[in-house]
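Visitor: how does the following fold in three dimensions:
(chains A and B)
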Amino acid sequence: MRPTVRFTALFTLTALASTTLAACGSGSGGDPDTVKVSFKQSTDNSIKVMDTYLADIKKQFEKANPGKKVELVPIKAPDSEYYTKLQQMLRSPKTAPDLVYEDTFLINSDITSGYLKPLDEYLAKWKDWDQFIDTAKAAAKGEDGKTYGVPDGTDTRGLWFSKDVFAEAGLPADWQPRTWDDVLAAARAIKEKVPGVVPLNVYTGKPAGEAATMQGFEMLLYGTNDGTTDPLYDKGSKKWIAAGQGFEDSLAFVETVYKEKLGPEVSDALDPNFGTKVRGELLPQGKLGIALDGSWLPQDWLEGSGHEWPEWSRELGLAAMPTQNGQAPGKVSMSGGWTWSIPAKAGNPDLAFEFIKTMQTRANAQKWYIANSGIAVREDVADDPAYVDAQPGIEFFTELVESTHYRPAYPAYPKVSVAIQEAMEGVTTGDMSVGEAARGYDEALKEATDNQVVRK
Amino acid sequence: MTAATPQHTGPGPGPEVRKAPPGPPAPDPARRARSATTRRALFRALPVSPAVILLLLFLAGPIAYCVVIAFTDLQLTGQAEESFVGFENFRRAFQDEAFLNAVWLTLVFTVLSSLIGQNTLGLALASLMQRASKPVRTLTGGIVVTAWVLPEVVAGFLLYAFFRREGTLNAILDWLRLPSQNWLFTLPILAVSFANVWRGTAFSMLVYSAALNEIPKEVTEAAEVDGASGWRRMWHITLPMIRRSIGTNLMLNTLQTLSVFGLIWVMTRGGPSGKSQTLPLFMYEQAFQNSLIGYGTAVALLLLLIGSLFSVVYLRLLRTEV
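Guide: As a prediction, this is how the structure comes out:
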């Protein structure tokens, strides 16, 4: 009888192992009536903007679709780790959610990997799609011409400055710099006259991730030419552009900020949580003179957001980032944004699109743009005075849309972005001269793009 | 049993034994015995087979999968199909300055924090505690073990708070009117090495405490009677007698230190500019931040190789000393 006993034991063990394993998968495959929605949760515990909004949509959706359920799957991580986690989840039908929140900077890369589902079929039958502005529609378009995401807003970037600090430094409250030198001059004045205040913040280095590339470096680089061509990518030859004069000038600006101690302490600037500190502490406490940052900052200061600071609109001024020497068009902005996408391996794509529709009704979209301090991508909302007046700053940042640039978000872009961050980090710490950092970028660029590099 | 010489064709007892029972040629009892042994061995192996299968599936499986991936250009994103690239990932690693920097820092980190720090300090603590009174022993042991029991992330965060510019250490230095430090930024590899010593010494201390207790009192007393000083007793009596424990401890410590990730990640993320980027962090960066899973896995295999090199050296040292 012993073999039987043993067999039973073995069988039980195997069965046990397989059930435990099956329980590990929390993918979307299981329940046809549940739609799983993954999104990025803020690393700041008191920021619940997206959680609150999605909870509201979930309630609406479940009420309108009896028997259907929404399961929210938040991923609490800094940007770069969020992307990694998401990509790992998207690789298998066992873990892929039904709906994911995708950064447009990564979307082409994920499309190439086959992680996402084209939405053209759904969009053709959805009349609200006509309300979306063309640039926003293009943001989630793959190289194959298909659309892979529905944008939930866009953003622009500019200079935020503390009026109190400016008053103390003897600078005007309606400040609008014409050149980079004007910006540096203001920072130097603050350094001299207002001790204990960080004069100017420019995000830098790998710990800051894409914020360093986009809010920092590209806001400079895209202001070094006449604004009609992309200084990173040559559309004609479909090649990436090696570091030229504009690139070196932008690095030199970053170097000046940190060498002259016009920026935060280098060790603070290279702290991965520095962005949270800028929004949550430095700006509200008047410890930062000028911040080169995104249009979405007030979302952290709205009522119910954790760091309530309704006075920000009186205490902070806004200025457009100038071009290098004040050449036309005079100001620079970068735009990105996020989209809602359906994974290729999602179990309930149809239900997921229904959820997108609920989120993007005119009323819900407007609610989100305002809550998120986003820039509207639906024309009907953008024209609505209720939206324009909902928050100070919306008008300013919406006007920047006409002089804004979009990143060349091709599949190699994320790696190019890291190469830029490395060059920035080099000049920030002083480990590299501008020339060395630029040459290092050229090397890294070749590696990142499979040698698709052109010198201009 | 007599030793069988190579000339013997068949297995089994020697010729003198075979002469004893004269009779018809037996149907080779040896073979029958052997097959019975095999059967018995198989039968005995049966109960452990589930464990073996699980081990193969969940331990050997992923490792084999890793080896396969290391020879591909698999990426986490931005790639339609992966392909085999042979030794390309390894060639690339040895031409990559950041990789060589990571190897160097890994060695520095291991020698500083494991060999010199944890190991020596652990031994020193253990020998001091031998002579200490019981309350002192309990207290010291308790404190040291607490550092060891803390989860890695918590320990990392504590030491980050200790070393950072506005941290505890600078507050103390300020109070003592000493110049302040900014090691997390200027000498990050030293800061994380110190953190690893702080966290890992307890393990060595426990191993050595056990080993020291095993030394017979008579031996030490005899040496004492012969007039050997403390240092000489340590060098000639204690160290040789706990040699095996030293070897085991060194090996465990080194292997663990080689793979430290969380502690460094929490404290510095390998920065600034890669100045504390040891191999596990480099691997993570390549695989998950730069999305180069293939390359990252190849680096992981190289880390495995370095670990096994250390192990071979220690095993050798142990053998020649015995």
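
Visitor: how about the contacts made by the residue of the stretch 301-450 of chain A found nearest chain B?
Guide: Of all residues in the stretch 301-450 of chain A, residue A:411 sits closest to chain B, at 3.9 Å by Cβ to the nearest Cβ. From N, CA and C alone the C-beta is placed, and that goes for glycine too. Residue A:411 sits next to A:108-109, A:111-112, B:77-79 when contact means Cβ atoms under 8 Å, 6 or more residues apart in numbering or on different chains.

Visitor: count the neighbours of residue A:371 for me.
Guide: 19 (other Cβ atoms under 10 Å in any protein chain shown).

Visitor: swap in residue A:441?
Guide: 23.

Visitor: now the helix or strand where it lies: average pLDDT?
Guide: Counting by DSSP states H and E, the element that carries residue A:441 is helix A:434-449. Regarding helix A:434-449, the rounded mean pLDDT is 93.

Visitor: likewise stretch B:298-311?
Guide: pLDDT averaged over stretch B:298-311 gives 91.

Visitor: can I get it in CSV, CA atoms only?
Guide: What follows is stretch B:298-311, C-alpha atoms only, in CSV (Å, rounded to 0.1, in the frame of the first residue of the first chain):
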residue,chain,number,x,y,z
ALA,B,298,24.2,38.7,-18.9
VAL,B,299,25.5,41.0,-16.2
ALA,B,300,23.7,38.9,-13.6
LEU,B,301,25.5,35.8,-14.9
LEU,B,302,28.8,37.6,-14.7
LEU,B,303,28.0,38.5,-11.1
LEU,B,304,27.3,34.8,-10.5
LEU,B,305,30.7,34.1,-11.9
ILE,B,306,32.4,36.6,-9.6
GLY,B,307,30.6,35.0,-6.6
SER,B,308,31.8,31.5,-7.6
LEU,B,309,35.4,32.8,-8.0
PHE,B,310,35.3,34.1,-4.5
SER,B,311,33.8,30.7,-3.3
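
Visitor: sorry, back to before: next one: the following helix or strand past the helix holding residue A:441 to chain centre, how far?
Guide: Using DSSP H and E, the helix or strand that directly follows helix A:434-449 along the chain is strand A:453-454. Here strand A:453-454 is found 27 Å from its chain centre; the criterion is Cα atoms, centre = their mean, to the nearest Å.

Visitor: for the chain, give me the ranges with low pLDDT.
Guide: All of this refers to chain A. Along chain A, the parts satisfying pLDDT under 70 run over A:1-30.

Visitor: let's do chain B instead
Guide: In chain B, residues with pLDDT under 70: B:1-29, B:320-322.

Visitor: just say helix, strand or coil for residue A:333.
Guide: At residue A:333, secondary structure determined by DSSP: H, G, I helix; E, B strand; the rest coil is strand.

Visitor: residue contacts, it?
Guide: A:156-158, A:219, A:320-321, A:400-401, A:403-405.

Visitor: now the stretch 101-250 of chain A against chain B: closest residue?
Guide: Nearest to chain B in the stretch 101-250 of chain A, going by Cβ to the nearest Cβ, is residue A:109, at a distance of 3.8 Å.

Visitor: so that residue touches residue B:76, yeah?
Guide: No. Counting by Cβ atoms under 8 Å, residue A:109 sits too far from residue B:76 to count as a contact (9.0 Å).

Visitor: quick one: common contacting residues for the two?
Guide: Common neighbours of residue A:109 and residue B:76 (Cβ under 8 Å, 6+ apart) are residue B:291.

Visitor: for whichever residue of the stretch 201-350 of chain A sits closest to chain B, which non-adjacent residue is spatially closest?
Guide: At 3.9 Å from chain B, residue A:267 is the closest residue in the stretch 201-350 of chain A, using Cβ to the nearest Cβ. If the residues on either side of it in the chain are set aside, residue A:267 comes closest to residue B:185, at 3.9 Å by Cβ to Cβ, 6 or more residues apart in numbering or on different chains.

Visitor: tell me the SS of that neighbour?
Guide: Residue B:185 - assigned by three-state DSSP - is helix.

Visitor: which SSE is the residue of the stretch 101-250 of chain A closest to chain B in?
Guide: helix A:104-112.

Visitor: which other helices and strands does that helix contact?
Guide: Packed against helix A:104-112 by the contact rule (3 or more Cβ pairs under 8 Å, 6 or more residues apart in numbering or on different chains; DSSP states H and E) you find helix A:79-90, strand A:338-341, helix A:413-429.

Visitor: the first one close to chain B?
Guide: Yes. Judged by Cβ under 8 Å from any Cβ of the partner chain, helix A:79-90 and chain B are in contact via A:80-81, A:83-84, A:87-88.

Visitor: quick check: the gap between whatever residue of the stretch 101-250 of chain B ends up closest to chain A and residue A:282.
Guide: Closest to chain A within the stretch 101-250 of chain B is residue B:185: 3.9 Å, counting by Cβ to the nearest Cβ. Distance, residue B:185 to residue A:282, by Cβ to Cβ, to the nearest Å: 19 Å.

Visitor: check residue A:420 too.
Guide: 24 Å.

Visitor: equivalent analysis for residue B:165, please.
Guide: From residue B:165 to residue A:282 the distance is 15 Å (Cβ to Cβ).

Visitor: of those two, who's got more company?
Guide: residue A:282 (20 against 16).

Visitor: was I right to think the more buried one contacts residue A:200?
Guide: No. Residue A:282 is not in contact with residue A:200 according to Cβ under 8 Å; the separation is 11.4 Å.

Visitor: shared neighbours of those two, anything?
Guide: residue A:291.

Visitor: residues contacting residue B:232?
Guide: Shown in contact with residue B:232 (Cβ under 8 Å, 6+ apart): residue B:223.

Visitor: which strand or helix spans it?
Guide: helix B:230-233.

Visitor: residue A:161 now?
Guide: For residue A:161, the enclosing helix or strand under DSSP H and E is strand A:157-162.

Visitor: would you agree residue B:245 is in contact with residue B:210?
Guide: Yes. Counting by Cβ under 8 Å, residue B:245 touches residue B:210, with 7.4 Å between them.

Visitor: looking at the two, which one has more neighbours?
Guide: residue B:245 (19 against 12).

Visitor: how would you label that one: helix, strand or coil?
Guide: helix.

Visitor: leaving out chain neighbours, which residue sits closest to it?
Guide: residue B:211 (3.7 Å).

Visitor: also residue A:132?
Guide: residue A:377 (5.6 Å).

Visitor: which helix in chain B runs the most residues?
Guide: helix B:293-321 (DSSP state H).

Visitor: packing partners for that helix?
Guide: Where contact means 3+ Cβ pairs under 8 Å, 6+ apart, helix B:293-321 is packed against helix B:61-70, helix B:88-95, helix B:97-109, helix B:243-258, helix B:279-284.

Visitor: and the stretch 151-300 of chain A, which residues reach chain B?
Guide: A:205-207, A:265-268, A:270, A:272.

Visitor: identify, from those, the entry nearest to residue B:313.
Guide: Using Cβ to Cβ, residue A:206 is the member of those that sits closest to residue B:313, with 34.6 Å.

Visitor: please identify which pair of the residues of helix A:79-90 next to chain B lies farthest apart.
Guide: A:80 and A:88 (13.2 Å).

Visitor: more neighbours: the two, which one.
Guide: Set residue A:80 next to residue A:88 and count neighbours by other Cβ under 10 Å: residue A:80 wins out with 21 against 13.

Visitor: might one say that that one is in contact with residue A:212?
Guide: No. Under the criterion of Cβ under 8 Å, residue A:80 is not in contact with residue A:212, lying 11.0 Å apart.

Visitor: give me the beta-bridge partners of the closest residue to residue A:282 other than its chain neighbours?
Guide: In space, not counting the residues next to it along the chain, residue A:282 is nearest to residue A:288; the distance is 4.0 Å by Cβ to Cβ, 6+ apart. Counting by DSSP bridges, residue A:288 is bridged to residue A:198.
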